[in-house]
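[1] I'll drop the sequence and a predicted model, then ask my questions.
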Amino acid sequence: DEGLCALSRGLGPTIWRNSIWNTVYFGLMQWMKESLPTVDDPHSFRAVAQTMTTGFFAGVIATCFNAPFDVVKSRFQQQRIDDVDRHKSTLATLSRIYKHEGINGCYRGIQPKILRMGIGGAVSMTMFECCCNAYDKYHQKYN
């Protein structure tokens, strides 16, 4: 109904949102892992629990940083191409939301996002490290 332009609607805010989340998430993961005591056996329960915990907290904190851009992305995606009051710029839209709705408007819907991204951060990083450790173990055994 709206053509090819509708496919890229919200791309700018999505790039901002993902860039911020990934920067904060991976930076925090690295910092937290270096701050915690070293675990000798990467296959131990302690190592897995450490990864899950740091992944969860990094995911939650990263979501607090990128949530306003998720709200902007949603506003971009809800608008129609022919809207007179169309959102054109990510930062201008964020400023407008803050000006008219305050900080609560910038963090609308954050509770389910925090849960989803915290759990997702914990599970994805744990699975990634488990796969890497299994590959290392396999590689050591057969090479």
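    Everything's here; your move. Numbers count the residues shown, from 1 in each chain.
[2] Could you check how far the residue lying closest to residue 42 once chain neighbours are set aside is from residue 44?
    Closest residue to residue 42 apart from its sequence neighbours, by Cβ to Cβ, 6 or more residues apart in numbering: residue 133 at 4.7 Å. Placement of C-beta: from N, CA and C, glycine included. According to Cβ to Cβ, to the nearest Å, residue 133 and residue 44 sit 10 Å apart.
[3] Pick out whichever of these two has more residues nearby.
    Neighbour comparison, residue 133 and residue 44: the larger count goes to residue 133, with 15 against 11 (by other Cβ atoms under 10 Å).
[4] which element is that one on?
    According to DSSP states H and E, residue 133 maps onto helix 110-142.
[5] what comes up buried for that helix?
    110, 113-114, 117-118, 121-122, 125-126, 129 (16 or more other Cβ atoms under 10 Å).
[6] quick check, distance from it to the centre of its chain.
    15 Å (Cα atoms, centre = their mean, to the nearest Å).
[7] Tell me which other helices or strands it touches.
    Applying 3 or more Cβ pairs under 8 Å, 6 or more residues apart in numbering; DSSP states H and E, we find helix 110-142 packed against helix 11-35, helix 45-78.
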